[in-house]
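Visitor: sequence and predicted model, in that order:
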Amino acid sequence: MPEPTRTPNILSIDLEEWYQLSHRYLSGQSIPPRDSIFREVDYLLDVLQRHGARATFFALGLLIESHPELVRRIATAGHEIGSHGYEHLQIFRLTREQFQEDTRRAKQVVEDALGAPVRGYRAAYFSINRASLWALEVLAENGFEYDSSIFPVRHRRYGIADFDRRILRYRLPNGLTITEVPLATVRLAGTNLPVAGGGYVRLLPYPLLRRAVRKLNASGAPLVTYFHPYEFDDERLDLLRVFHPAGPSAALRARIVNFQQNLGRSSMRGKLERLLQDFRFTTFAEYLREADLSESRTLLPAESGQVRRAVCG
């Protein structure tokens, strides 16, 4: 049974197909998604149903265009559907116009498949960083009510280390508002340490993960997670099933990707089961309905390499 806590946690799945995206990463060419995505989603729906938990699935437009039935099955099971963009691109490498097009296309694909509006967004690679905060304006202009793309950590590929770790509603320069739900971190020795999901959970021993969740909940904060369907596949990931390297260098890159993505993955089913047993999890939409977000804050432009602290609106 879940621990007696007033703080629900937020469970999210970035709904994408690993082979399709990994093949494009190495070759620059896209392939159709493999049917393994259905096995992975079936596992997730089953384990969530058994534990009475609900999750938000941020659906990638590229995948849903091929398999629109996925979001319908997930929604029918009682879970929330959000957008993960269309092509899984790093936003800080796009122009505002390119991001606008990707956002609109993804929203239309997912909403057409679902037959209902989507309200939440998760960027590929957590790529709303200091240089691309303008993306929040684009999201608000396209009707998104919340975003969960900012990781308050220092990382070579993503993150805004000094971004406010709390869930807050921001007033944007274009006059619109959006709620930002940062990925979960814990403070240790003045540093934000990531505990939200993915590789961090794969490598973190469960007792330390449980302690981190308890610490967050004791402060009144939820564990805001991210996972991927492939992390729960019971078969070994092997990119060489679909990628045919042109030479030794490409083959080595594929083997490195295999090693990185399989590392710690065998522990994921057990860790998810224990999290669902020990804590309460729900969707972004349900959490935000109950949250007190009456205080609006202004997200100001970056100055002198720092994100300026929000001020009360």
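Guide: Arrived safely.
Visitor: switch to C-alpha atoms for all contacts and neighbour counts from now on
Guide: Fine.
Visitor: so residue 26, which of the three states?
Guide: Following DSSP: H, G, I helix; E, B strand; the rest coil, we place residue 26 in the helix state.
Visitor: OK, contacts around it?
Guide: Listed by CA atoms under 8 Å, 6 or more residues apart in numbering, the contact set of residue 26 reads 250, 253, 254.
Visitor: from residue 71, how far off is it?
Guide: 28 Å (CA to CA, to the nearest Å).
Visitor: repeat for residue 151
Guide: 26 Å.
Visitor: of the two, which one has the most company?
Guide: Between residue 151 and residue 71, counted using other CA atoms under 10 Å, residue 151 has the larger neighbour count: 28 against 24.
Visitor: list the contacts for the spatially most central residue of the chain?
Guide: Nearest to the mean C-alpha position of the chain, by CA atoms, centre = their mean, lies residue 226 at 4.4 Å. Counting by CA under 8 Å, 6+ apart, residue 226 makes contact with 11, 12, 13, 14, 183, 196, 197, 198.
Visitor: separation between it and residue 164?
Guide: From residue 226 to residue 164 the distance is 19 Å (CA to CA).
Visitor: how about the helices in the stretch 151-300 of the chain?
Guide: 198-203, 206-218, 248-262, 268-278, 284-290 (DSSP state H, counting those that start in this stretch).
Visitor: now the ones you listed in TSV, with distance to residue 97, mean pLDDT and mean neighbour count?
Guide: TSV is the format used below for these (distance: least, CA to CA, whole Å; pLDDT from 0 to 100; neighbours: other CA atoms under 10 Å):
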stretch	distance to residue 97	mean pLDDT	mean neighbour count
helix 198-203	30	93	18
helix 206-218	38	96	17
helix 248-262	32	94	15
helix 268-278	38	97	17
helix 284-290	28	95	16
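Visitor: just the strands in the stretch 1-150 of the chain please.
Guide: Counting by DSSP state E, counting those that start in this stretch, one finds strands in the stretch 1-150 of the chain at the ranges 9-10, 12-15, 56-59, 80-83, 120-121, 146-147.
Visitor: what's the closest of these to residue 213?
Guide: strand 9-10 (8.7 Å; CA to CA).
Visitor: quick check: closest non-adjacent residue to residue 257.
Guide: Once flanking residues are discounted, residue 257 sits nearest to residue 239: 7.7 Å by CA to CA, 6 or more residues apart in numbering.
Visitor: same check, this time on residue 71
Guide: Closest to residue 71 by CA to CA, 6+ apart is residue 114, at 6.1 Å.
Visitor: which residues does the residue lying closest to residue 167 once chain neighbours are set aside contact?
Guide: What sits nearest to residue 167 in space, not counting adjacent residues and going by CA to CA, 6+ apart, is residue 181, at 4.8 Å. Going by CA under 8 Å, 6+ apart, residue 181 touches 146, 147, 148, 149, 150, 166, 167, 168, 224.
Visitor: surely the third one is in contact with residue 183?
Guide: The reference is to residue 148. Yes. Counting by CA atoms under 8 Å, residue 148 touches residue 183, with 6.8 Å between them.
Visitor: compare these two (neighbour count), which wins?
Guide: A side-by-side neighbour count of residue 148 and residue 183, using other CA under 10 Å, places residue 183 first with 26 against 23.
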